[in-house]
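>>> Provided below for reference: sequence and predicted model.
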Amino acid sequence: MKILISHILFSQTKSFYFLFIIISLSLFLVEFCLNNYLVQGYPNNGLKTIKVKMTQDQYNYKHLLGLVENTANKTVNHVIITARFLESGNKSIGNFSKQTEITTLNPKEITPFDILIFDKNIYNRIKEYVVNINFNFTNDKDRNLLIVSNKSHLDVNGFFFIDGKIRNLGHAYSNNTTVTSVTYNKNNELLGVWKAQTEPYSIPPSLEASFSIPITDKIQSFQISNYTLFAESDKFTKTN
């Protein structure tokens, strides 16, 4: 009888230990998936790329340009775009990353990105690329910046300028205010991404500041047919 009872207790202890291991592993996997969910985003309900295109500047450096849209119902920040470039046989030949130009995206908002591929040795080997997006969830950012006017011109030296004014609609200072332009050719294809600070870069409540964005790549300057503008500061983002 003692032997039988000991055997039963041993079996129960073994079963309990096995169940404990299964539960622990399950909790670990759930935590891992949740962390991955927060860092990597989630398919069909997170961030998506738009109009991705590879271009080349006047110094023969290649860039991977694109737009990212926040299709989630939450605000995100620290958005990092990583491009993995592949040669024949899907062999990886390099990874390059860049943070998006607008650092915080409310739902339905869009930001451009420009990844410089600085290794010219791989240019002729690139056959394909894979884009990955990492981000964090955060609180909403007030849409209190409004671009009230803008115009463009090509000067005699072949440089293209986008000038304008931006207004702070909020009740606090708009500090470190920047305006980013995305330029397009006549076929509505991406040409470049350019950024400048406003003057002054801290805009008092209800007041305006000026901005001037120089496009210094003359290859692009003569191809620009259209552009879009984005704005952001420490506290605010541009209104739609």
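Perfect, I can see it now.

>>> got a list of what the residue most central in space within the chain touches?
In the chain, the residue lying closest to the centroid (C-alpha atoms, centre = their mean) is Thr100, at 3.4 Å. If a contact means C-beta atoms under 8 Å, 6 or more residues apart in numbering, then Thr100 has 68, 79-81, 111-113 as its contacts. Any C-beta I mention is one placed from the backbone N, CA and C, and that applies to glycine too.

>>> from those, which ones fall inside strands?
68, 79-81, 111-113 (DSSP state E).

>>> that older thread, pick out whichever of the contacts of Thr100 sits closest to Phe222.
Pro112 (20.9 Å; C-beta to C-beta).

>>> What count of nearby residues applies to that closest one?
Neighbours of Pro112 under the rule other C-beta atoms under 10 Å: 24.

>>> ditto for the one 5 residues further on
Here the neighbour count serves as a burial measure; for Ile117 (other C-beta under 10 Å) it reads 19.

>>> tell me the contacts of it?
So Ile117 contacts 61-64, 83, 85, 94, 96, 123 (C-beta under 8 Å, 6+ apart).

>>> let's go with 6 Å and repeat that
62, 96 (C-beta atoms under 6 Å, 6 or more residues apart in numbering).

>>> can you pull up the bridge partners for it?
Lys62 (DSSP bridges).

>>> re earlier: list only buried entries from the contacts of Thr100.
68, 79, 81, 111-113 (16 or more other C-beta atoms under 10 Å).

>>> wait, which of those residues is closest to Ser212?
Pro112 (18.5 Å).

>>> so what's the closest one up against?
Pro112 sits in contact with 67, 101, 182, 193, where contact means C-beta under 6 Å, 6+ apart.

>>> secondary structure element for the last one?
Here Val193, judged by DSSP states H and E, is contained in strand 190-197.

>>> so after that strand, what's the next helix or strand?
From strand 190-197, the next helix or strand downstream (DSSP H and E) is strand 208-215.

>>> How about residues contacting that following strand?
By C-beta under 6 Å, 6+ apart, strand 208-215 touches 159-167, 179, 181, 194, 196, 198-200, 203, 221.

>>> I'd assumed Asn124 was in a helix, is it?
Yes - assessed with DSSP: H, G, I helix; E, B strand; the rest coil, Asn124 lies in a helix.

>>> Pull the number of nearby residues for it.
For Asn124, using other C-beta under 10 Å, the count is 7.

>>> just the one 3 residues further on next, same as before
Other residues near Lys127 come to 12 when the count uses other C-beta under 10 Å.

>>> list the contacts for it?
So Lys127 contacts 86-88 (C-beta under 6 Å, 6+ apart).

>>> rerun at 10 Å
Shown in contact with Lys127 (C-beta atoms under 10 Å, 6 or more residues apart in numbering): 85-91, 93.

>>> ditto for Gln56
62-63, 117, 123, 217, 219.

>>> Kindly give the local confidence score, pLDDT, for it.
Per-residue pLDDT puts Gln56 at 96.

>>> how much space between it and Ser174?
35 Å (C-beta to C-beta, to the nearest Å).

>>> quick check: domain ranges of the protein?
Domain segmentation of the chain under automatic domain parsing yields 1-40, 47-138, 142-238.

>>> Show me the shaky parts of this protein.
1-45, 240 (pLDDT under 70).

>>> And the helices in it?
2-40, 218-221 (DSSP state H).

>>> before we move on, back to that, and the contacts of Thr100, which two are furthest apart?
Ile80 and Pro112 (14.1 Å).
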